[in-house]
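Peer 1: Predicted model and sequence below, questions to follow.
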Amino acid sequence: MSSVLELALGIMTALGGSVDISQLVFAIGAGAKFEYLLLWVVVLGTIGIALYSEMSGRISAVLKEPTFEIVRTRLGWGPAFGILVASNIVNVLTCAAELGGVAVILQMLVPTNYRLMLLAGTTLLLVTVFVLRFKWIERVFGLMGLGLIVYAVAAVSLEPDWSEVARGLLPQLPASAMPGTSVYFYYVVGLFSSMVMPYQVHFYSSGGIEDDWTPKDLPINKVTAGVGYLLGGVLTMALIVVGGALYLPQGLDPQRLSSTIFGASVPLGRVGFVLALIGIFFAVGGAAVETALATAYNFAQFFRFPWGKRLKPGEVPLFTLCWMGAFVLSLAIASSGANPVEIVEYSVVFAVVVLPLTYYPILRLADDKNMMGKHVNSPVIRVLGWVYLGLICVAAAAAVPLMIITHMGQG
Amino acid sequence: MNLAARIALLLFAVAAAGCDSPNSELDARELTSAARSLASLAAEAQLLAREWSSGSVTLAFALVHQDALQQESLKLARQLAKPVPDDLRSAHERALALNSRLQIGLGQIAKAPAQPAQLARLEQDFKRVQAEAKSLEARP
């Protein structure tokens, strides 16, 4: 396959795979509550995830070292074990929410019992991951997830006030008619966290090794992380615009995954409805797969047993058992009947608490000239990396208090 | 206190914040929040009725979303099922009545596929519920 096609596929895969249930919920909810005021958070989050994904991909290509090996080497066994447990709790919670989302979408095709659809959806994903190689998993879910572009078309069709949209790119406090400042900051932290979830970096870095990246692949890493996440950011902005232009004027606060479908069906009719269903199914299903695999990657890399979807399941039995276990555990959580949107809100808030400890070792290693040689961080990346780490620490400190004060954003 | 104990305490605090005793009295903030949720649910019910009537969504979607909204309405009824102080009694009764009206209407959306007139009537009723819930939310 030509390298141009490979690159195009990589970008589209990153775009299709960049939005999951947490971004759908937080972005549309943010628009429904604060119109376009939180667009600047998307800019902030997009730069952050692109920056750290590029760094972790570069480390994978140069040192062949995935994220959790770095965490263990840099922080030592004890703290790293704590991060492993916390990251995997967040992963399993997120996976449970994504599986719940898959079940809701399947119910819209076959209106039957939720738990039955949950079981069917999980089985379908388990079989898909078992059968497909890594590259095909990425492509199937990433490319089919491109159906979510329907929200970008919907945003334009709704004819928002573009000058108001542009104003949203600059930070500003909410107007008096909107929910209070604490709810605003809860959404700032939630939206930012949903864009920089740790599993994305774990998956991206392990994916670089699965794809057998070498230093020759660094330009692909740069473009995939940069352009892919940039386009993903545009898609997230479109979701906020849809929230602000459609849900806010009607006084509607979307609290369910099914509510997000209106964002496409109202401006675009049945075609929008169908494309949104397809896009959400694959985006959310893809995120379920990523979180289950990220859980197994983390365990395997921490305990140093063989891993990889590029290998046959029989060659990596413990790894296979781990991702299957992650699916089963997530299924059990989702079967409790809790609203997937509520599960994802908890996972996003707790993810941000774990974030600094995941990102710090990556930054330190990418900054280490002895290890990275000529591929060490440039001065600009270094400064940006530290600035973002500071922002992540602030968000981590504020997340839980804001969740309690605002009753999970309800005011 | 070691790190594990601090984390356990924090998780307990979070869990405790999420719980609420049914014996505690309903306060004004909770009632306002319930009225806001009620108005939002009614707005969403209107949208569902409109989209179903125009054929933009399928019957399966209408059934699933109708069920999701009914679940939310039931949750709201549970939140309102608390002892009420005298000064909130009248507003509380209005909220309960509006929620019941909403629940009854929600059960009828997907049953009316080929009857645009009935859906239009439902939509109007949801609109009235939304307006009344908003006035309840904005009460002094």
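Peer 2: Happy to help now that I have it. Residues are numbered from 1 along each chain as shown, chains lettered A, B, ... in the order given.
Peer 1: tell me which parts of chain A are close to chain B?
Peer 2: If contact is defined as Cβ under 8 Å from any Cβ of the partner chain, the residues of chain A in contact with chain B are A:82, A:104, A:107-111, A:250-256, A:258-259, A:261-262, A:265-266, A:269-270, A:272-273, A:400, A:403-404, A:407, A:410-411. (Glycine included, C-beta is placed from N, CA and C.)
Peer 1: So which of these are in helices?
Peer 2: Applying DSSP state H to the residues of chain A next to chain B, the entries found in helices are A:82, A:104, A:107-109, A:250, A:262, A:265-266, A:269-270, A:272-273, A:400, A:403-404.
Peer 1: Out of the residues you listed, which end up buried?
Peer 2: Among those, the ones that count as buried by 16 or more other Cβ atoms under 10 Å in any protein chain shown are A:82, A:104, A:107-108, A:250, A:262, A:265-266, A:272-273, A:400, A:403-404.
Peer 1: could you dump those to CSV with pLDDT?
Peer 2: Converted to CSV, these look like this (pLDDT from 0 to 100):
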residue, pLDDT
A:82, 88
A:104, 92
A:107, 92
A:108, 90
A:250, 92
A:262, 95
A:265, 96
A:266, 96
A:272, 96
A:273, 96
A:400, 88
A:403, 89
A:404, 89
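Peer 1: with the ones in helices among the residues of chain A next to chain B in mind, which one is nearest to residue A:229?
Peer 2: Each of those was scored against residue A:229 by Cβ to Cβ, and residue A:272 proved nearest at 24.9 Å.
Peer 1: Roughly how far does residue A:61 sit from residue A:318?
Peer 2: The spacing between residue A:61 and residue A:318, counted by Cβ to Cβ, to the nearest Å, is 25 Å.
Peer 1: out of these two, which sits in the busier spot?
Peer 2: The residue with more neighbours, out of residue A:61 and residue A:318, is residue A:61; 22 against 13, by other Cβ atoms under 10 Å in any protein chain shown.
Peer 1: Please name the residues that touch the more buried one.
Peer 2: Applying Cβ atoms under 8 Å, 6 or more residues apart in numbering or on different chains to residue A:61 gives the contacts A:208, A:213-215, A:217-218, A:221, A:375.
Peer 1: I'd like the secondary structure assignment at residue B:111, please.
Peer 2: Secondary structure state of residue B:111, per DSSP: H, G, I helix; E, B strand; the rest coil, is coil.
Peer 1: Can you get me a residue count around it?
Peer 2: 13.
Peer 1: For the closest residue in space to residue B:134 that isn't next to it in sequence, which residues are in contact?
Peer 2: With Cβ to Cβ, 6 or more residues apart in numbering or on different chains as the measure, residue B:39 is the residue that lies nearest to residue B:134, at 4.9 Å, once sequence neighbours are left out. The contact partners of residue B:39, taken as Cβ under 8 Å, 6+ apart, are A:251, B:129-130, B:133-134, B:137.
Peer 1: Among those residues, which lie within helices?
Peer 2: When DSSP H is applied, these are split such that B:129-130, B:133-134, B:137 fall in helices.
Peer 1: Of those residues, which is the nearest to residue A:386?
Peer 2: residue B:137 (44.7 Å).
Peer 1: where along chain B do the helices fall?
Peer 2: Per DSSP H, chain B has helices spanning B:3-18, B:28-54, B:59-80, B:89-106, B:116-137. These are given in chain order.
Peer 1: Could you single out the most deeply buried of the ones you listed?
Peer 2: Comparing the helices of chain B on average neighbours per residue, with mean count of other Cβ atoms under 10 Å in any protein chain shown, the densest one is helix B:28-54 at a mean of 22.
Peer 1: could you give the angle of that helix to helix B:59-80?
Peer 2: Using axes from the mean of the first three to the mean of the last three Cα atoms, to 10 degrees, one finds that helix B:28-54 and helix B:59-80 are set 170 degrees apart in direction.
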